[in-house]
Every structure is written in structure tokens, then in C-alpha cells.
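Q: sequence and predicted model, in that order:
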Amino acid sequence: MPLIEFSDNGLYCRQGNFYIDPWKPVDKAIITHAHSDHARSGSKYYLCHHLTKPLLQLRLGDHVYESVDWNQPVFMNGVKVSLYPAGHIIGSAQIRVEYNGEVWVASGDYKTEDDGISGAFEPVQCNTFITESTFGLPIYKWKKQAAIFEDIKNWVAQNKENKKTSVLIAYSLGKAQRVLKPLSEMSIPVYVHGAVWNVHQALVNSGWDLPVVRRVQPDSPKEDLVGNIVIAPPSADGTPWMKKFYPYSVGVCSGWMQVRGNARRRNTDAGFALSDHADWDGLLQAVKATGAQKVYATHGFQSAFSRYLTEQGIEAGEVKTEYGGEEEDNKNEA
Amino acid sequence: MKQFATLVNILGTSTKTNDKLQALQNYFAVAADKDKIWVIAIFSGRRPKRIINSTILQSWCIEIVGITQWLFDECYHTVGDLAETISLLLPEPETPTSITPEHTLSYYLETFIRIEKEGEAVKKQFITESWQQMDRNEKFVFNKLITGGFRIGVSQTMMVNALAKTVHASSSVIAHRISGNWDPATASFEDLLSESIAATDFSKPYPFYLAYAVDEDLEKLGAENEWQAEWKWDGIRGQLIKRNNDFFVWSRGEELMTEKFPEYNNFKDQLPEGTVIDGEIISLAAPAEEAMFKPLPFAALQTRIGRKNITKKQLTEAPVGFIAYDLLEFNGEDIRYKSMAERRQLLEQVIAQTDYPSLHISPIIAFDTWEALGVIRTRSRDMGSEGIMIKRKNSPYQSGRKRGDWWKWKIDPLTIDAVMIYAQKGHGRRSNLYTDYTFAVKDGDKLVSFTKAYSGLTDKEFAQVDAFVKRNSIEKFGPVRTVKPELVFEIAFEGIAASNRHKSGVALRFPRMSRWRQDKKADEINTLDDLKELLKNYNAPIP
């Protein structure tokens, strides 16, 4: 019996009787991070990191939550469970599961570049590593965050010069906070969509020191917006809500923007390949750092990535999960 | 090169025609003359010969990056563009490109021409060294120049408009001047756009006048007697040019096709000096006794185009003729300003002087009322035509697609309900999305594939089908996935012909998805017999 099974409800530890990021309601759920494809409502008990708890409360409502610190073990029927930073978004964790000297790590979503807000990814030694592979092809190699921020700022400045509003499409939890700091350095007012505002408030209430933003209101005067910045989630892109920003330019922050065709399909004016997932080199680096003898790739280009690992002498298999998967267009947090 | 890479980037990402136009104008305002010439050449289909095939090009990339062929293929199928795949895989240069000396666009293109006849080693050295000096954007553009197919969201018309604004001339004048036979390696920007060259280049075709599809009630066109109706023939629009005792055949795609059709060799002697005829290059069966012509399906013409050497068999099986629509030049005079009626009269005169069996005049359809014309239109398929053209008798011959004077009234397509069985990822803006499908009809309890189709769905529908494919794929053969046969689509097409290239024995003309039949189940689709019935009713098999 493997320590973690791939069941119809999600990753399941029989010995400890808990699930990691289950996609159906279960008794005990351990949550890697608060994105909707990983954190679903209806379970009887949730375990997560302290930083994730207020976000789960915001998104899933009233449930039983228990939260822990980094590397603060919890025992479930003899199984030792501990959380390590994944660097994906605020509070995102890798789940380390140990029983009888065998260690498995489920990565959840992660990135290896420290973005200064999501915690620095920490490689964890293990026997078996379940890794995401959203961008598991060598065409995905990110520019450094600082360079992308420079590109975004230049674009905003250019828009301001052309008297256009810069509408930046960024997932409301994660990327919205990530781009906020560099944008706030420009001394240009930053407006946010209601979804971004809600996350922002939840974070501020739990003690985060975030730059000041203004919420876009139905009666926000048009002249206040022109030439300024608006941060909106992907779901708002192309909706009538955008009309009030006219004339505007739309910039999408997503790893998928690495490929021209994706940017053209989104019909966006500018695409910034800013991702909260590890790129090809990051995935390989992470896999090697775990020293795992066996790797399961899920969530993306799992078949290509696991085949490549096998060729590199690392035993690897692919696992189908119901996380974002390949559906890039609904997978907003990419 | 950076300048050009930036231009391509803006043209490729901008969603507004005005922004693209502005970007082109900006480029024409600042770029070196030599580079401008090349930009005009590239966007009007006059790139230098391909110096290396794409298999070798990708092998160099694979070698540099140190990955396996299958991984390269995975990347390519995901990106959907070879040039871009290579640019994403290659490492970024170690020294920033901002401090290395930069080469011009013309330098690269002229080097391509210079080393075209050299061995592979020379080409490899030039290409791989160039890669090392470029950032990702430049590499993409550079690779595009090598691999061809610069389809990046800018039409020739748009470029013509930008040029027209830059040199303060009208678009139609510019369109005419950059058409025809000129060599970017030797032409200068001044010469190309000056009046004198147009006079000296006697091979130049006129820009084609294109019709809009009828989109409203024909009654709104007014009195029937102000209009002329003809059949709409399904071949390739072309121009025959006889000037300086020389003869040229141009396609609408501005490809010189004189050599492709030996049947036209006699036209040179038959046509009077200073003649330009607009018409249809089309495969015609040997004329029957009453001297009318019988068009063959487009598939017949297809066996003739794209081939360098034409066999005797092809010549007899798919003879090519020409159906004349219009006369643009008469006695060396540009008569496009004259009325359609006057031009038609002159055209009849010119054609009457010839007695060559492959050259025909497009017959005029007599009709009294729009309603009667509608009835005639239903006979289009029997005539081997794809509908009716309606042209205003007093209209001049304009350039490009203009509303108002010329209309095409196509017949409704044939349709068949089919189930999707294979899917493959698309290209360009459909990169990493399953948008290219293969469809099957029923044959007893088997499914028989009969066509592919790529278009007709909305972006939203494509996204839904893509999600279905990802969840319901059965097997993977390279880039192709077999899919659970569940989704039913109505496939529309303009024609059907027998073909031994397909399992089903038929080949369709312009197949596309006209409707997603979410109301139908896979066992409710059409059968192979239904297809064969259509084949029997609507088209003679290719002989």
C-alpha cells in the first residue's frame, strides 16, 4: 500500500485517513493553498498554514479550520504531517507526509524564484515527490521577476503618456499582490476590481502591510481613472465592466503569455509572462533537490515531464488530477 | 533588425488596425530605404528562397539545446510555430544584445541570397552565429524569415495603406506599383514607388477588384436592368497580360503562373498587343459539340497547381482553360475607368477575335426579376458553378474589396452531420488548443473518416471542445489524439469530388464546421452512403 494513493476524491493517505487538496468533500482535508482548484468547500475539517487560513475563510466560508506554522508537525494516526513553503502565493505550502521512515512530499503549486511575498520555496528531502508540471516543457523559461516588472512599468508609463488607462489582468489572489509593490513605486494611483479588493482587505486585516489601493466603484469618476492603473481578475477581462476605463490598454500577467499565440487568442494588448509556477528549469531543480527516488508529475505537461525525468534516470509517472490541468484558459492563477 | 523585430511584435500583438497602420507608418518613416524595400517584399510575398529546410533547422536547435527529438516535437505542437519554438528553446545570449553591434534586416536577407548555393556548413555557421547575437524577439523574426509564412496579422492591403500615407499617394496607385515582377535585392525604394518604373515593368498586373457577399435583400440593389449577372466559377482568379509581345499569367495571390499552364501558350499569339484580361483559371473538360464548356471540380485544378513538372496524364485528365470576366487594358490603354458595359463590349470583341478552345467568355445570365435570378441560382451546382455574380453595369473596375458595385451570391453549402474522432492542436492564435479536427460518418457499425475541418466555431466553442478533447482522449499518436466519438458537428462544404487519397473515397471543397449539433448523438450522424449520394448528385468524379 503506497503512503499516498491517487483516489477519485484526490490524493489520499489511508494510514492517516486524510486527503491533500481533495476535489470532493471529505472528512479531513489538508490544503496546500487557497486557489479554488486546490481548496474546495464542503469538507468537515481543514488543515493549512496560518497565512492560508484567513484566505480559506474568505473563500470557503464557515468550516472547521486548523492552522500550523512552517515545519510544525501534526500527527494523524501515527502519520507525521508538516508544511513547507512552496513560494506559489501567500501561505502556499508543500505537504510533507512521513510514516515508518518513508517520506512523501506533495508540492501543490510552487515556484522556485522568491517573489518577496509568497515565501521562499524550500526543497524537502523525500522518497517520493508529487510535483506539479503546469509549465513542464523547456519552452517555458521565465525572465527574472525584476525584468518583467520593468517591462510592466514601461508599459504603464507608455499608456499614461498616451492618456490610456492600464488595465492589468492578474489573478486576484497571488499575482495581484505580487505586482502591487512595483506598481506602487510609480506614484500612479492603483485601482482594483472588487474581487481583488476582497482579498486585499482580508490580507490587510490579518496584518499584511500592503500598498494602498482604491476600489473601482460604479460611480468612480472616469477622469480619476484615465492614465492610472486598474488591477482586475481574468474573469473581468472583456466584460462590460471594462467600458468605464476607456481608452485603455489591457496587459495580461500569466505564464501562458510566453507563447505569442496564447496572447493573440486572449486578444490582449500586452502579455507579460509572469507566473506563480516554476518554469522548466525550476521544476528540474526542485525535483533534483528533493533527492526523490520516485516522482509523480501531475497538473500540466505531466506526460512530457515524466518521460523526460525517466530518461534522466529518475523513476517517474504521471497522475491525472482535477487541478487546473491543461485548461489554461480557466486556469487563471497560472 | 531590432527595429523590424519591434514592428513585427506590434503587428503581431496589436488588436487594433489603426495601431498596426501607425506602427507600419512609423517604421516606414524611420527605417533605412534598403530595409523598407525588404519589408514591402516580405509582406507582399517576395521573400528570398528558403535556404534551409525546417528539419535541418530544428536539428541545429536540438543540438545546441541538447534535448531529444520527441521533446522538441512536444514543444513544437504546443507552440504551433516552428520559428517561435526555436526562439523559445535557444538560450538567451550571454552578452546583452544592447551592446553587441546590430545587423540590419537587409544584411540578413541579402546574406540568405548570397549563401543560398553554398553548402550546409556555411549556412549552419551563419545561422547559429546569428542566433547567438539575438534576443528572443529577434530570433523569432529571424527564424520566420528563414521558414517563411509571415502570417502575423498584417495584410498586403494594410501595408499598401501605410505606404500610401508615407509617400502621400493613393492606395490603388501604390498597390499597382508594388505588384508585378520586381526584385527586392536590386530595386530601390525611390524607383519602386516612382511613376517611371510602372511604365517600364510591362508584366505588372492590376490589383484585382473583389466582390462582397450579398448580405441583404436583393431588392435593395434597385432596378434589375442596371445589373449584369454571371455564374461564379470556382477556380483561381487570374489576369492574362499581353504586352511588348510577351505574355504573363498572374494569380490573385500575385503569383506568376505563366509556366504552369502550357494550355495558355497559344494565347500569346491569339491576343492583341496591349491586352489585360481578368478571369478565372479553371479546369475545363474538353468542350462538347455545342462549344460550351464544362468546368471540372476544383480538385482537378488542384492536381495542376503546386507542381513543377506536369505529366501528359495530368494535362489530359485536368486540362486548364480560362473564363474571361473583364477587360482592364485595351490597345495598351488602362480602361478600368470605363463602365462595366463598355468594357464587356470590348471584351467580347477581343475574345471573338480568338479561336482558341480553352479561352471562353463568361456567359451573361439573362433575368427579369431578382426572384427569377434566385431560381436560376439554384441550378448553380449543375452548371459546375458556386453561385452567381452580380455586377453593376455602369461601374468602373475598382481595386481591392469594395462594397456597392460587385456582389457574389453563393449557393448554400452542402452539409453533413459527422462525429469528431481525432483532434490536433492548432497554430498561431490557437496554439496549445485542440482546434484541428477529423470527422467521420457511419458505415454500418464502423466510423469512416472523411474530412478535416478547422474553422467555424467561436472561440468559446473551441475552448469547450478543447476541454472535451483533453478529458476524453483515448490514444496519442504524435500530435494527434483519438477522441471518444461523441461530439457531433454539421460540416458544410462547397463541393464534393471522388478521391482515392481518403478512406471514404471523397474529397470536400472548403469543409468547415457550420454548427455544433449538441442536440444530436453520435448514432444520429450521416452515413457513408449519404456522402456517396451527394457525390453522385452533385459532381462528376474526376476522370
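A: Nice, I can see it. Values in this document were obtained by computation on a predicted structure and should not be read as measured data.

Q: find the nearest non-adjacent residue to the residue in the stretch 101-250 of chain A that chain B sits nearest to, please.
A: Using Cβ to the nearest Cβ, A:Ile139 is the residue of the stretch 101-250 of chain A that sits closest to chain B, at 4.0 Å. In short, each C-beta sits where N, CA and C put it, glycine included. Using Cβ to Cβ, 6 or more residues apart in numbering or on different chains and skipping the chain neighbours, the partner closest in space to A:Ile139 is B:Leu88 (4.0 Å).

Q: surely the one you found and A:Phe135 touch.
A: No - counting by Cβ atoms under 8 Å, A:Phe135 is not a contact partner of B:Leu88; they are 11.6 Å apart.

Q: more neighbours: those two, which one.
A: Taking other Cβ atoms under 10 Å in any protein chain shown, B:Leu88 and A:Phe135 do not tie; A:Phe135 has more neighbours (26 against 22).

Q: ok but that one is inside a strand, no?
A: No - applying DSSP: H, G, I helix; E, B strand; the rest coil, one finds A:Phe135 to be coil, outside a strand.

Q: what's near enough to touch it?
A: The contact partners of A:Phe135, by Cβ atoms under 8 Å, 6 or more residues apart in numbering or on different chains, come to A:255, A:275, A:277-280, A:283, A:300-301, A:334.

Q: quick revisit: tell me the contacts of the residue nearest to A:Ile139?
A: Neighbour list for B:Leu88: A:139-141, A:258-259, B:75, B:79, B:136 [criterion: Cβ under 8 Å, 6+ apart].

Q: pick out the most distant pair among those residues.
A: Across those, the longest distance by Cβ to Cβ is 14.2 Å; it joins B:Cys75 and B:Arg136.

Q: tell me the helix or strand right after the host helix or strand of B:Cys61.
A: Assigned by DSSP states H and E, B:Cys61 belongs to helix B:54-65. With elements assigned by DSSP H and E, the helix or strand that comes after helix B:54-65 is helix B:69-79.

Q: quick one: that following helix near chain A?
A: Yes - using Cβ under 8 Å from any Cβ of the partner chain, we find that helix B:69-79 touches chain A at B:70-71, B:74-75, B:78-79.

Q: make a PyMOL selection of the buried ones in the residues you listed.
A: Filtering the residues of helix B:69-79 next to chain A down to the buried ones (16 or more other Cβ atoms under 10 Å in any protein chain shown) takes a single PyMOL command:
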select buried, chain B and resi 71+74+75+78+79
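
Q: in CSV, list the residues of helix B:69-79 next to chain A along with pLDDT.
A: Shown next, in CSV, are the residues of helix B:69-79 next to chain A (pLDDT from 0 to 100):
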residue, pLDDT
B:Trp70, 94
B:Leu71, 95
B:Glu74, 93
B:Cys75, 95
B:Thr78, 90
B:Val79, 91
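
Q: now, the most widely separated pair of the residues of helix B:69-79 next to chain A?
A: B:Trp70 and B:Val79, at 15.1 Å, using Cβ to Cβ across the residues of helix B:69-79 next to chain A.

Q: what about B:Phe72, how many residues close to it?
A: Per other Cβ under 10 Å, the neighbour tally for B:Phe72 reads 21.

Q: likewise for A:His50?
A: By the criterion of other Cβ under 10 Å, A:His50 has 14 neighbours.

Q: same thing with B:Asn500?
A: Counted with other Cβ under 10 Å, the neighbours of B:Asn500 add up to 8.

Q: please apply the same query to B:Ala29.
A: Neighbours of B:Ala29 under the rule other Cβ under 10 Å: 11.

Q: isn't it up against B:Leu163?
A: No - B:Ala29 is beyond contact range of B:Leu163, at 11.1 Å (criterion: Cβ under 8 Å).

Q: A:Lys80 in helix, strand or coil?
A: From three-state DSSP, the assignment for A:Lys80 is strand.

Q: so what sits opposite it in the bridge?
A: On DSSP bridges, the residues paired with A:Lys80 through beta bridges are A:Phe75, A:Glu98.

Q: what's the per-residue pLDDT of it here?
A: pLDDT, A:Lys80: 97.

Q: hang on, isn't it packed against A:Asn100?
A: No - contact criterion Cβ under 8 Å: A:Lys80 and A:Asn100 do not qualify, at 10.2 Å.

Q: those two: which has the busier surroundings?
A: Using other Cβ under 10 Å as the criterion, A:Lys80 and A:Asn100 rank with A:Lys80 on top: 14 against 8.

Q: now do the same contact list for the more buried one.
A: By Cβ under 8 Å, 6+ apart, A:Lys80 lies in contact with A:73-74, A:96-99.

Q: among those, which ones are buried?
A: Among the contacts of A:Lys80, those classed as buried by neighbour count (16+ other Cβ under 10 Å) are A:96-99.

Q: from these, which single one is nearest B:Val441?
A: Distance to B:Val441 across these (Cβ to Cβ) is lowest for A:Val97, with 51.8 Å.

Q: residue contacts, the closest one?
A: Counting by Cβ under 8 Å, 6+ apart, A:Val97 touches A:3-4, A:13, A:16, A:20, A:79-81, A:103-106.

Q: what pLDDT does the model give the residue in the stretch 301-450 of chain B that chain A sits nearest to?
A: As assessed by Cβ to the nearest Cβ, chain A sits closest to B:Ser431 within the stretch 301-450 of chain B, at 2.8 Å. B:Ser431 carries a pLDDT value of 80.

Q: again, but for B:Val249
A: 89.

Q: before we move on, what about B:Phe126?
A: For B:Phe126, the pLDDT comes out at 95.

Q: who does the host helix or strand of it touch, helix- and strand-wise?
A: Here B:Phe126 sits within helix B:120-132, counting by DSSP H and E. For helix B:120-132, the contact count by 3 or more Cβ pairs under 8 Å, 6 or more residues apart in numbering or on different chains; DSSP states H and E identifies helix B:54-65, helix B:105-115, helix B:136-147 as packing neighbours.

Q: how far away is whichever residue of the stretch 1-150 of chain B sits closest to chain A from B:Ala318?
A: Closest contact between the stretch 1-150 of chain B and chain A, by Cβ to the nearest Cβ, is at B:Leu88 (4.0 Å). As for B:Leu88, its distance to B:Ala318 is 43 Å (criterion: Cβ to Cβ, to the nearest Å).

Q: now swap in B:Ile56 and tell me
A: Going from B:Ile56 to B:Ala318 by Cβ to Cβ gives 34 Å.

Q: between the two, who's got more neighbours?
A: B:Ala318 (21 against 13).

Q: returning to that earlier point: with just CA atoms, put the helix holding B:Cys61 into CSV.
A: This file holds the C-alpha atoms of helix B:54-65, laid out as CSV (Å, rounded to 0.1, in the frame of the first residue of the first chain):
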residue,chain,number,x,y,z
SER,B,54,12.9,23.2,-41.4
THR,B,55,14.1,19.7,-40.4
ILE,B,56,17.7,20.7,-40.6
LEU,B,57,17.0,24.0,-38.9
GLN,B,58,15.4,22.2,-36.0
SER,B,59,18.2,19.7,-35.8
TRP,B,60,20.6,22.6,-35.2
CYS,B,61,18.4,23.9,-32.4
ILE,B,62,18.1,20.4,-30.9
GLU,B,63,21.9,20.1,-31.0
ILE,B,64,22.5,23.4,-29.3
VAL,B,65,19.9,23.0,-26.6
